[in-house]
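1. Pasting the sequence and the predicted coordinates here, then a few questions.
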Amino acid sequence: MPNYPFSRLVRLRRLYRHHRGRLFMVPLDHSVTDGPLSRRRSLDELIEGISRGAVDAVVLHKGSLRYLNAVRFDHMSLIVQLSASTRHAPDPDAKILVASVEEALRLGADAVSVHVNLGSAQESRQIADLAAVADSCDRWGVPLLAMMYPRGPRIADPPNAELCMHAAVLAADLGADIVKIPRLGSTDELRDVVAASPIPTVVAGGSSMEPEEYLAELAAAMRSGVGGVAIGRNVFQAPDPCAMARRIAQIVHDPLEVARKQPRVQHSGAVG
C-alpha cells in the first residue's frame, strides 16, 4: 500500500463506501460528449434514484452540480471529471482539461477523473495533462481516477488485453490511484490486466444491453478479480435506474455473488 497522506486516505475511504476492495461508480459525464442523459427526468431526479441504489460514487462535470440537491451525496461520493470533448469535434478523441483539482475541491469532490485516449492523435497532450493533474492531486491529497481508453486511428476496436495492460500501467506510472479500462472479451484477458496493474482496475460498463444478459456478463467480469465497475448507460438508460443500480451493487459488493475461493490478484491497497 502506498504511503499516502492522511487526507488522501480519508477521501479514498469515502469512495469505497460499501466494500473495501470493490468500487461501483456511475459515470454521468456523457452529457458533455453526447447531449442530455435523459429526456424523461432531470439530472437531480436521476441522481436521487441512483443514490438509493448502493452506488459508491458518481462522475460529473463541474457545472452539473449547480442543479443538484446536496443531500444526494449524504451516502454517495462525488468524482469531478476534469477533461472533456464532444462527438461533434473534428477529433472527438482529443480530450482537453476543462477544470482543475482546486476547482473540484471547492465543489466538495472526493476525487477527480481524467480521460486519456491512448493512441489518439493528441495522445501526448493528454498524457501531459494526466501527469499535471497527478501532481496537483499529490499536493492536495485528492484521489485520481484515470479513464484510460486505447482509442485512435491505429487502434483496433475493441482493444486487446496487451493495450489495456499498457494503459493501466501508464496510469499507475503517472500517479493515478485507480484506473478504468474498457471491457474485454474474456475473463482470462481481464485477469491478465488486473494482475499486471499495480493499482485497482475498474472496467467500463460498455454499450447498452438487455439487463439479464448484462448482469450475467458483469458477474463473470467480477470473477476476474477486477476492483470494480464504472457503469453509466446501463444504469441511467434503464427504465428504473435505482433498481438496476441495486442489482449491480449486489454483484459488485456482495462476495457471495462473485467466484468463491478465486486467487486474489487485485491490489486493494487504495483503501487499506
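-> Happy to help now that I have it.
2. Under the pLDDT cut-off, which ranges of the stretch 1-150 of the chain? List them.
-> 1-2 (pLDDT under 70).
3. now do 80
-> Within the stretch 1-150 of the chain, the ranges that satisfy pLDDT under 80 run 1-3, 38-40.
4. ranges for the helices of it?
-> Assigned by DSSP state H, counting those that start in this stretch, the stretch 1-150 of the chain shows helices spanning 6-15, 30-34, 43-51, 101-106, 123-140.
5. Any idea which of these gets closest to Arg87?
-> Arg87 lies closest to helix 30-34 among the helices of the stretch 1-150 of the chain, at 5.6 Å (C-beta to C-beta). For the C-beta atoms, the positions are set from N, CA and C on the backbone; glycine is no exception.
6. May I see the buried residues of the closest one?
-> 30, 32 (16 or more other C-beta atoms under 10 Å).
7. count of neighbours near Asp173?
-> Look at Asp173: counted by other C-beta atoms under 10 Å, it has 12 neighbours.
8. Give me the distance between it and Leu144.
-> 13 Å (C-beta to C-beta, to the nearest Å).
9. Export the helices of the stretch 1-150 of the chain to CSV and append columns for distance to Val112.
-> Shown next, in CSV, are the helices of the stretch 1-150 of the chain (distance: least, C-beta to C-beta, whole Å):
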stretch, distance to Val112
helix 6-15, 10
helix 30-34, 15
helix 43-51, 18
helix 101-106, 5
helix 123-140, 7
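10. just those: most buried one?
-> helix 43-51 (a mean of 19; mean count of other C-beta atoms under 10 Å).
11. other SSEs contacting that one?
-> helix 233-236, helix 241-253 (3 or more C-beta pairs under 8 Å, 6 or more residues apart in numbering; DSSP states H and E).
12. Could you dump those helices into TSV and include mean pLDDT and mean neighbour count?
-> Output for the helices and strands packed on helix 43-51, formatted as TSV (pLDDT from 0 to 100; neighbours: other C-beta atoms under 10 Å):
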stretch	mean pLDDT	mean neighbour count
helix 233-236	94	22
helix 241-253	95	21
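13. Would you format those helices as a markdown table with distance to His30 included?
-> Listed next are those as a markdown table, based on distance: least, C-beta to C-beta, whole Å:
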| stretch | distance to His30 |
| --- | --- |
| helix 233-236 | 7 |
| helix 241-253 | 14 |
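14. can you give me the strands for this structure?
-> 23-27, 57-60, 77-81, 83-84, 96-97, 111-118, 144-150, 178-181, 201-204, 228-230 (DSSP state E).
15. what sits against Met25?
-> With contact taken as C-beta atoms under 8 Å, 6 or more residues apart in numbering, Met25 is in contact with 55-59, 79, 145, 202, 228-231.
16. Dump these into TSV; add neighbour count and distance to Ala99 as well.
-> Formatted as TSV, these follow (neighbours: other C-beta atoms under 10 Å; distance: C-beta to C-beta, whole Å):
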residue	neighbour count	distance to Ala99
Val55	28	22
Asp56	25	21
Ala57	26	17
Val58	25	16
Val59	24	12
Ile79	27	12
Leu145	28	14
Val202	23	21
Gly228	26	23
Val229	26	24
Ala230	22	19
Ile231	25	23
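17. So which of those is the closest to Leu65?
-> Closest approach to Leu65 among those (C-beta to C-beta): Val58, at 10.5 Å.
18. from what I can see that closest one touches Glu48, true?
-> No. Judged on C-beta atoms under 8 Å, Val58 makes no contact with Glu48 at a distance of 11.3 Å.
19. Show me the shaky parts of the stretch 151-272 of the chain.
-> 185, 207-208, 254-272.
20. what do you get if the cut-off is 70, keeping everything else the same?
-> 255-272.
21. so where do the helices sit in it?
-> Under the criterion DSSP H, counting those that start in this stretch, helices of the stretch 151-272 of the chain are mapped to 161-173, 187-196, 211-222, 233-236, 241-253.
22. one step back: nearest approach to Val114 belongs to which of the helices of the stretch 1-150 of the chain?
-> helix 123-140 (5.1 Å).
23. what helices or strands is that closest one leaning on?
-> Packing partners of helix 123-140 (3+ C-beta pairs under 8 Å, 6+ apart): strand 96-97, helix 101-106, strand 111-118, strand 144-150.
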